[in-house]
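> Here is a sequence with its predicted model. Questions after.
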Amino acid sequence: MDIKFLVVDDSVTMRRIVINSLKNLGYNNYVEAGDGKEALEKLGADSGINFVITDWNMPVLSGLDLVKTIRSDDKISSMPILMVTTRGVKEDIIEALQARVNNYVVKPFTPQILKEKIDQVLQAA
Amino acid sequence: MKQVSTMSDLFERLNDLKTVFKYGQKLIPIIQSIIDFMKETVPLLEDINTSIADSTSKIPRAKDQIDNISSATELATTEILDIADSISNDLDKIKQEFKLLEQKEIKRQEIWCGIKNLLKNEKNAQELIKEYEQLDNFLPLVKNFGKVFDKINNDVYNITLSLQVQDITSQQLAAVNHLIESVRQRLSSLIIHLDETELNNIDSVQIDSNNDSAFNPEAKYTKSQENQDLADVLVNQSLNKTSQDEIDKLFS
């Protein structure tokens, strides 16, 4: 299965680091978005995107709101979502899980952790 | 009888009044000293006002400087990422060349074995064969280079991973800016006795107040896996829960 990733982060640096990591893992099909709103636009019809990696803290529309919006949209509600964020306190993680992210990575991440979480999400999907 | 009582009341009131005057006389110096103190305090308050106004007017500049630091570090990080990408691409090209070289070397050794077989009965050639074989063995060297290139590539990748610090520090700086903006607003509200023009001058300085959902004030760069471990535990707990109600119940 060819996986097309949507990498959502307001930091250009972080987007490049995540994309470099994806390339290292052999995933070369990806698109980028700088905030949740742009991500929703990219997730529109026929995007072919089947995996979202999103940051939490972003302007315009946060990652958490992006997750909630995706989950409430019947067309894309089952989209695998991995949250990659600096927010590492219990309350935040619970909030993200209640919003139904599939897995959670705390920044700064290691390539092993990112691979492990992507694999877990793909296996469960 | 009633008149006596009235007079007595009158004297009583007069006595009260006398007491009030007595106290009043005693209070006059105290009130005077309060007035003097206030007179001395007014210039001080004006100084404080001026000082607050001055500090408040400098805050946008401090905020700009912090923004400049964030932009500069982002730019520098992008440059490092560009260089890292360039090194990785060059290494990939060299690695491919070495792979070809390795294949050629294997082929060459096969041909050499054939030549040796053909020359095994040539007595004069044996000395030359021996000499040639001492000079020639590139294969382990080529293979070793491959490992070195992989290590360099991995090191470059690890450098790029360390650049996550830029995102984290920029969130910390955004949080500092947010705090500075809050202080500016408090200071502005403290300013008294400033004329309208000065207040307008301060308020006219446009501060692009950060949306606090755009950064995490608790962001930190740490090698500790503690938070990731916590996330893993919570994610694992929620994995078997299929409905929203079950997840909500789990964490309630």
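The structure has been received and is ready for your questions.

> Could you list the paired strands of the helix or strand where A:Val84 lies along with their orientation?
Take DSSP states H and E as the rule and A:Val84 turns out to sit in strand A:81-85. Strand A:81-85 has its sheet partners listed here by DSSP bridges as strand A:51-54 (parallel), strand A:103-106 (parallel).

> Retrieve the pLDDT associated with the closest residue to B:Gln109 other than its chain neighbours.
With sequence-adjacent residues excluded and distances taken as CB to CB, 6 or more residues apart in numbering or on different chains, B:Gln109 is closest to B:Leu139, at 7.0 Å. The C-beta positions use only the backbone N, C-alpha and C, and glycine is treated the same way. At B:Leu139, the model reports a pLDDT of 80.

> Hmm, B:Leu139 is touching B:Lys107, no?
No: counting by CB atoms under 8 Å, B:Leu139 stays clear of B:Lys107, with 11.1 Å between them.

> quick one: A:Glu95 from chain B, how far?
Distance from A:Glu95 to chain B, counting by CB to the nearest CB, to the nearest Å: 9 Å.

> ok and the helix or strand hosting that residue relative to strand A:81-85, angle-wise?
Using DSSP H and E, A:Glu95 falls within helix A:90-98. Here helix A:90-98 points in a direction 160 degrees away from that of strand A:81-85 (axes from the mean of the first three to the mean of the last three CA atoms, to 10 degrees).

> Can you list the buried residues in helix A:90-98?
Going by neighbour count (16 or more other CB atoms under 10 Å in any protein chain shown), the buried part of helix A:90-98 is A:Asp92, A:Ile93, A:Ile94, A:Glu95, A:Ala96, A:Leu97, A:Gln98.

> tell me the contacts of the closest residue to B:Ser238 other than its chain neighbours?
Among residues not flanking B:Ser238 along the chain, A:Leu97 sits closest, at 4.7 Å (CB to CB, 6+ apart). A:Leu97 sits next to A:Tyr104, B:Leu234, B:Val235, B:Ser238, B:Ile247, B:Phe251 when contact means CB atoms under 8 Å, 6 or more residues apart in numbering or on different chains.

> And for the closest residue to the fifth one other than its chain neighbours, the neighbour number?
Distances taken as CB to CB, 6+ apart place B:Lys241 nearest to B:Ile247, at 4.7 Å, with adjacent residues excluded. Taking other CB atoms under 10 Å in any protein chain shown as the neighbour definition, B:Lys241 ends up with a count of 15.

> does B:Lys241 count as helix, strand or coil?
What DSSP: H, G, I helix; E, B strand; the rest coil gives for B:Lys241 is coil.

> Tell me which residue in chain A sits closest to chain B.
Residue nearest to chain B within chain A (CB to the nearest CB): A:Gly88, separated by 2.9 Å.

> Spatially nearest residue to that residue (excluding sequence neighbours)?
B:Asn227 (2.9 Å).

> The helix or strand hosting the one you found - contacts with which helices or strands?
Here B:Asn227 sits within helix B:226-239, counting by DSSP H and E. With contacts taken as 3 or more CB pairs under 8 Å, 6 or more residues apart in numbering or on different chains; DSSP states H and E, helix B:226-239 sits against helix A:90-98, strand A:103-106, helix B:244-251.

> buried sites along the last one?
Of the residues in helix B:244-251, those with enough neighbours to count as buried (16+ other CB under 10 Å) are B:Ile247, B:Phe251.

> hmm, who's touching that helix?
A:Ile94, A:Leu97, A:Gln98, A:Arg100, B:Leu234, B:Gln237, B:Ser238, B:Lys241.

> No further questions, thank you.
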